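Novice: One predicted model, sequence on top.
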Amino acid sequence: MIVFSVVIIFIFGLVIGSFLNVCIYRIPKGESIVFPASHCTACGHKLGPIDLVPLFSQLILKSKCRYCGKPISMRYFNVELITGLLFLATFIRFIYYEKFPMFFIEYLILNSLLVAVTFIDIDHKIIPDKITYPGMAIGIIFGILQGNIWNSIIGLLVGGGLFYFIAVASKGGMGGGDVKLAALLGAFFGWKLILLNSFFSFLLGGIVATILLLLKLKGRKDYIPFGPYLAIAAMITIFWGDQILKWYTHLRLF
């Protein structure tokens, strides 16, 4: 039974990943994510069922459009695989081990939002309001369902407020999209976990920025998207945040 459940969740994640690819491509362009139907971005030909099977279509077609022969970016494959693995990990963490179905659903949604935000920010250096504002509302709704509405609201204010302060203090070093993403994460996590999430995001961002500078891949004035670091830190918080807080609390008692 568990094997069947794992396979179903993974396949479901792949399907959602395929949909996220549409969102990643179309939302920054201001296009509908529903119409028109999926098509080749090079020749515009409508894709058939064989072209839309997550992961396998790209492998079978050798990363080329079967209508015009133009290369298909591995980004599509990567997004589908990452989403499938995140869904699988969320299932194992919150259903198989912990039996928390509400957290399972909540974090499936959050992980999906984070995958879309990460790749859009990498490609376009923006975090769209069409993702962050609905995401904040969803976080608050889960706060209501779990009886932690004030924790969600305070988390939203703490996350957004902290990053707004940094954006003002850095005179544009932190973008408005990052502020809204931090508010979204605060709505999902509450005030304690958003502080932990922020710490990890700055730690990861600082490490990567230092490496890029040392390797001279980036200059001091080059823009580096911060959304991906917030997203990666959020995934750490999802899977290990509570344990880290418990460990830290226990450490302070001795």
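Specialist: Received it, and whenever you're ready, just let me know what you need. Residues are numbered from 1 along each chain as shown.

Novice: Can you give me the domain assignment for this structure?
Specialist: The chain is divided into the following domains under automatic domain parsing: 1-99, 101-254.

Novice: thinking Leu113 is in contact with Tyr133, fair?
Specialist: No: counting by CB atoms under 8 Å, Leu113 sits too far from Tyr133 to count as a contact (11.3 Å). Heads up, the C-betas are built off the backbone N, CA and C, glycines and all.

Novice: For the two, indicate the residue with more neighbours.
Specialist: Leu113 (23 against 13; other CB atoms under 10 Å).

Novice: In space, what's closest to that one - neighbours in sequence excluded?
Specialist: Leaving aside its chain neighbours, Leu113 sits nearest to Gly135 (5.0 Å; criterion: CB to CB, 6 or more residues apart in numbering).

Novice: Same check on Ile9?
Specialist: Phe91 (4.4 Å).

Novice: mind checking pLDDT for the one you found?
Specialist: You'll see Phe91 listed with a pLDDT of 95.

Novice: Name the helix or strand for it, please.
Specialist: helix 74-91 (DSSP states H and E).

Novice: next SSE after that helix?
Specialist: The helix or strand immediately downstream of helix 74-91 is helix 101-124, counting by DSSP H and E.

Novice: if I read this right, the residue nearest to Ile9 contacts Val7, doesn't it?
Specialist: No: assessed by CB under 8 Å, Phe91 is found out of contact with Val7, at 10.7 Å.

Novice: higher neighbour count, the two?
Specialist: Using other CB under 10 Å as the criterion, Phe91 and Val7 rank with Phe91 on top: 22 against 11.

Novice: distance of that one from Lys192?
Specialist: Taking CB to CB, to the nearest Å as the measure, Phe91 falls 25 Å from Lys192.

Novice: again, but for Ile105
Specialist: 21 Å.

Novice: Could you do Ser38 as well?
Specialist: 41 Å.

Novice: what is the orientation angle of whichever helix or strand Gly190 is part of with helix 101-124?
Specialist: Using DSSP H and E, Gly190 sits in helix 176-214. In terms of direction (axes from the mean of the first three to the mean of the last three CA atoms, to 10 degrees), helix 176-214 departs from helix 101-124 by 60 degrees.

Novice: so how far is helix 176-214 off the chain centroid?
Specialist: Centre-to-centre, helix 176-214 and its host chain are 12 Å apart (CA atoms, centre = their mean, to the nearest Å).

Novice: tell me what it is packed against?
Specialist: Helix 176-214 sits against helix 101-124, helix 129-145, helix 149-169, helix 227-252, with contacts defined as 3 or more CB pairs under 8 Å, 6 or more residues apart in numbering; DSSP states H and E.
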